[in-house]
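*Asks:* please work out how this folds:
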Amino acid sequence: MNLESRIFGEIVKECDKLRLRYHAYHNNVHKEWVRNRKRIENPSPKEIKVPEYWESNRLYNPFYVRSNAKAIARSIARKIEAGVYVPVPPIEKLIQKSSGGYRTISIYQIPDAAVSRLFYERLLSKNKHRFSSFSYAYRNDRNVHFAIQDISLDIERDSRTFIAEFDFSDFFGSIRHDYLLDQLHVNGFAVSGEEEIVIKSFLKGRDKGIPQGTSISLFLANLVCWQLDKSLEKEGLRFARYADDTVIWSQDYTRICKSFELIEDFSKRVGVRINVGKSDGISLLSSEGMATEINAKNSFDFLGYSIGVGVCSIKKSAERRIKKQISYIFYRNLIQPVQVVPFGAFELDRNLLVAIMHVRRYMYGGLSRDDLNRYLGGRKRWLNFKGVMSFYPLVNNERQLKELDGWLLSVAFRSIRRRAALLGGYSTGFCSHPLYACGRSELLLHLNGNKVKREGGFELPSFFLMYKALKKGLLDAGIERVMHPESVKYDYME
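*Replies:* Have a look, this model is predicted:
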């Protein structure tokens, strides 16, 4: 297949992805508007928006680009073959980070994004065997869960381990171009003249750094870190690197101190500063309750997980994000000013049913309690895991999961009580309905005992039950079969 055909294929894939995303957005807006008309008073009018950069140039619009893909691919292929291809300067968008500050994302026109993707895949397919096995980001043979599993299994073998944690400031935006371009010709990487021209074209207009938000930069980020990875390996250090997030561990204090020297030397040569505020430096990881003679901790955070000796948990910021989403679901369905629809003492509160179904979909991803129980009991061969817990398939902190189940029951109880207080004056059904009249300790029994068409419509989902199903799936089929299909796009670093 010649270059023009490959570029055409990538443009079509990119356009189809963006068109499906826009259609899904359109459908979701309409469905939400229909639900709001039934649920709340004076809902906002339906408003369908398009990304503002679509209006700046037609080559951002996937519908236009798809209809002209052949001509666009022909033009770009000729420019690349002549060595004069240069992508159109991207739109720069600032994304606020949860840790403070902003991240600059480069949004390229669709044809340029397609070229970037094509050359990223070409470069990765030829060179992925050259990367360190401890480098987990931006590869099709590694992922975030492989990193977490390797770390946790290695650390649980010892009750005490020295840990070094490092993070870089503005890693993508600070890389020196002379260092990056030198790496193209050393260390055994296979980079053709055509590929080098395309790489340089995406660096034009910048004094330093690589654009964040385009595919080819993912390969370049790993390329830049190759020397660091190899130097850590030569020192006999165990580590896991995911983009610019790095954790290093060893039983030898001298070696772990050497890692700091290697990181500092890499920082100076590449031009990327160490983020002192987010780098915890060297500490001793030990089992909970064990006495230590130096600065010690029982766990450390890495990529959405909190890892300790033999314990893997959802990190606190990710846990807060999950709680916030569930709380919002209860608020918008039960407390936000709603249309009052009176019902009798033994009739169905549709809003409560909808709230619990939304929470269940968020946690289970379309599965039911019955699906999980049948799978655990061997009466169902396989499940497709898509809920929020499938972003954390390696969590094994049963205490945390049971506490989350208790929190879920508590927030459901408080929301139901608040709804009864707000709407009780409109209908006696709110005061006398069993779900609204019972105490917190009886609520779970009442919810699980209420069936809708013989199915458990009111059943509260359970973090612990989902964990048990994921654990079985992990043993039966491995990480890649149980992790969420969108795991590679999930922002574990926020």
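*Asks:* so the residue nearest to K70 when sequence neighbours are not counted, which state does it fall into?
*Replies:* Residue nearest to K70 in three dimensions, not counting chain neighbours: F8, with 6.0 Å by C-beta to C-beta, 6 or more residues apart in numbering. For glycine as for every other residue, the C-beta is placed from the backbone atoms N, C-alpha and C. Secondary structure, DSSP: H, G, I helix; E, B strand; the rest coil: F8 is helix.
*Asks:* quick one: end-to-end length of stretch 176-188, please.
*Replies:* 20 Å (C-alpha to C-alpha, to the nearest Å).
*Asks:* what comes up buried for that stretch?
*Replies:* Using 16 or more other C-beta atoms under 10 Å as the test for burial, stretch 176-188 gives 176, 179-180, 183-184.
*Asks:* cool, and stretch 58-74?
*Replies:* Neighbour-count burial for stretch 58-74 flags 59-62, 64-66, 69, 72-73 (criterion: 16+ other C-beta under 10 Å).
*Asks:* also stretch 268-276?
*Replies:* For stretch 268-276, using 16+ other C-beta under 10 Å, the buried residues are 270-272, 274.
*Asks:* out of those residues, flag the one nearest to I155.
*Replies:* I155 has its nearest neighbour among those in I274, at 23.2 Å by C-beta to C-beta.
*Asks:* thinking the closest one is in contact with D170, fair?
*Replies:* No. With contact defined as C-beta atoms under 8 Å, I274 and D170 do not form a contacting pair (11.4 Å).
*Asks:* now for this structure, the helix or strand with the poorest mean pLDDT.
*Replies:* One helix or strand of the chain scores below all others by mean pLDDT, DSSP states H and E: helix 428-432, with a mean of 55.
*Asks:* among the buried residues of stretch 176-188, which two are most distant?
*Replies:* Spatial extent of the buried residues of stretch 176-188 (C-beta to C-beta) is set by the pair R176 and L184 at 13.5 Å.
*Asks:* just to revisit the earlier point, relative to N68, how far out is the residue nearest to K70?
*Replies:* 11 Å (C-beta to C-beta, to the nearest Å).
*Asks:* show me where the stretch 151-300 of the chain has its helices.
*Replies:* Secondary structure of the stretch 151-300 of the chain, counting by DSSP state H, counting those that start in this stretch: helices at 171-174, 177-183, 193-203, 215-224, 226-234, 253-270.
*Asks:* any chance of a markdown table for those, columns mean pLDDT and distance to L303?
*Replies:* What follows is the helices of the stretch 151-300 of the chain, written out as a markdown table (pLDDT from 0 to 100; distance: least, C-beta to C-beta, whole Å):
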| stretch | mean pLDDT | distance to L303 |
| --- | --- | --- |
| helix 171-174 | 90 | 15 |
| helix 177-183 | 94 | 25 |
| helix 193-203 | 95 | 27 |
| helix 215-224 | 93 | 16 |
| helix 226-234 | 94 | 17 |
| helix 253-270 | 92 | 18 |
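*Asks:* now those in TSV, with distance to A469?
*Replies:* TSV is the format used below for the helices of the stretch 151-300 of the chain (distance: least, C-beta to C-beta, whole Å):
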stretch	distance to A469
helix 171-174	37
helix 177-183	44
helix 193-203	43
helix 215-224	32
helix 226-234	36
helix 253-270	38
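*Asks:* nearest to P485, of these?
*Replies:* Nearest of these to P485, taken as C-beta to C-beta: helix 215-224 at 18.8 Å.
*Asks:* ok, the nearest residue to R142 once chain neighbours are set aside - contacts?
*Replies:* With C-beta to C-beta, 6+ apart as the criterion, R142 has its nearest non-adjacent residue at 4.4 Å, and that residue is Y136. Residues in contact with Y136 (C-beta atoms under 8 Å, 6 or more residues apart in numbering) are 142-144, 146-147, 240-242.
*Asks:* would you point out the most distant pair within the residues you listed?
*Replies:* By the measure C-beta to C-beta, N143 and R241 form the most distant pair in the contacts of Y136, at 13.4 Å.
*Asks:* who has more neighbours out of the two?
*Replies:* A count of neighbours by other C-beta atoms under 10 Å puts R241 above the other of N143 and R241, at 22 against 19.
*Asks:* report pLDDT for the residue lying closest to that one once chain neighbours are set aside.
*Replies:* Nearest residue to R241, sequence neighbours excluded (C-beta to C-beta, 6+ apart): S135, at 5.1 Å. The score at S135 is 92. That number is its pLDDT.
*Asks:* partner strands of the strand of greatest length in the chain and their direction?
*Replies:* Using DSSP state E, we find that the single longest strand of the chain is strand 160-167. Here strand 160-167 is paired, per DSSP bridges, with strand 245-250 (antiparallel), strand 281-286 (antiparallel).
*Asks:* of these, which stretch is the most buried?
*Replies:* Compared across those, strand 245-250 shows the largest average neighbour count, a mean of 23 (mean count of other C-beta atoms under 10 Å).
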